[in-house]
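Engineer: missing the sequence, but the structure's below:
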């Protein structure tokens, strides 16, 4: 320590490392012990495979936020959760032991359960949050760029922090929600439907992003990457 009582700059990183080591879970360093002990890592075995397959099924069924929410809604309803209408008050519909959910824009999902011993004014709650979105190439509203050699070129934009170089020259798919004009009734209405089209050469449908020569690439142009769908 210097005469001013301050730690010399060259020793500050060392002290930071020592403090971090002293707070490692389940370890005793420099006389300090953490309050919780980390459980040992479980060894993978055959009984883990069903859970892994369930996760794989969920990921395959949730290529975008809309599908992710719908897949989660199906799981919640199978578990006994009830939907709460978004535009109706539901304060008097909640009962102890009940399980409920509601959605916003069909891309956000909120689910909760009321404890069986819950009493108003007495008790707390726990919250777990997560994402329904993931990096993707969004098709622009005015996306058609033209047709060349039997392929329709679409304009897209990057969403999220994807590792975009891994998307080039490989099979892709298209998914999301599209608006549909319903003219079968007296008063036409606008509805929506979900789509999930995978790369399938046998049906003549293929999606990919073509990587151009390195000398033709410009870093700012990544936001205008061209996406091709074989017609």
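Structural biologist: Here it is on my side, so go on. Remember, predicted model here, so these are calculated numbers, not experimental data.
Engineer: could you use CA atoms for every contact and neighbour count after this?
Structural biologist: Fine.
Engineer: contacts for stretch 158-176 next, please.
Structural biologist: Stretch 158-176 is contacted by residues 63-67, 134-138, 194-199, 206-211, 222-224 when judged by CA atoms under 8 Å, 6 or more residues apart in numbering.
Engineer: pull up the distance across it, start to finish.
Structural biologist: Distance across stretch 158-176, first residue to last, is 15 Å (CA to CA, to the nearest Å).
Engineer: return the set of buried residues in that stretch.
Structural biologist: 158, 167, 172, 174, 175, 176 (16 or more other CA atoms under 10 Å).
Engineer: nearest to residue 87, of these?
Structural biologist: Nearest to residue 87, judged by CA to CA, of the buried residues of stretch 158-176 is residue 176 at 24.6 Å.
Engineer: so what sits opposite the closest one in the bridge?
Structural biologist: residue 195 (DSSP bridges).
Engineer: other SSEs contacting the top helix by length along the chain?
Structural biologist: Looking across the chain with DSSP state H, the single longest helix is helix 65-78. Applying 3 or more CA pairs under 8 Å, 6 or more residues apart in numbering; DSSP states H and E, one finds that helix 65-78 contacts strand 108-113, strand 174-182.
Engineer: on that earlier part again, max pairwise distance over the buried residues of stretch 158-176: which two?
Structural biologist: Farthest pair in the buried residues of stretch 158-176 (CA to CA) is 167 and 176. Separation: 18.1 Å.
Engineer: so for residue 89, which of the helices and strands packed on helix 65-78 sits nearest?
Structural biologist: Of all the helices and strands packed on helix 65-78, it is strand 108-113 that lies closest to residue 89, at 15.6 Å by CA to CA.
Engineer: report all helices and strands that that closest one contacts.
Structural biologist: helix 65-78, strand 99-104.
Engineer: in TSV, list these along with mean pLDDT and mean neighbour count.
Structural biologist: Formatted as TSV, these follow (pLDDT from 0 to 100; neighbours: other CA atoms under 10 Å):
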stretch	mean pLDDT	mean neighbour count
helix 65-78	95	18
strand 99-104	94	16
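Engineer: distance to residue 126 added to those, as a markdown table?
Structural biologist: Below are the helices and strands packed on strand 108-113 laid out as a markdown table (distance: least, CA to CA, whole Å):
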| stretch | distance to residue 126 |
| --- | --- |
| helix 65-78 | 18 |
| strand 99-104 | 14 |
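Engineer: which one of those lies closest to residue 152?
Structural biologist: Minimum separation from residue 152 across these (CA to CA) falls at helix 65-78, 25.3 Å.
Engineer: follow-up on the earlier one: of the contacts of stretch 158-176, buried ones?
Structural biologist: 63-67, 136-138, 199, 206-209.
Engineer: just the strands in this structure please.
Structural biologist: Assigned strands in the chain, in chain order: 28-29, 32-33, 82-83, 99-104, 108-113, 136-148, 151-159, 174-182, 189-197, 207-209, 226-230 (criterion: DSSP state E).
Engineer: quick one: strands adjacent to the fourth one?
Structural biologist: Spelled out, it's strand 99-104. Strand pairing for strand 99-104, determined by DSSP bridges: strand 82-83 (parallel), strand 108-113 (antiparallel).
Engineer: would you reformat those as TSV and include mean neighbour count, mean pLDDT and distance to residue 183?
Structural biologist: Output for the strands paired with strand 99-104, formatted as TSV (neighbours: other CA atoms under 10 Å; pLDDT from 0 to 100; distance: least, CA to CA, whole Å):
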stretch	mean neighbour count	mean pLDDT	distance to residue 183
strand 82-83	16	95	29
strand 108-113	16	94	29
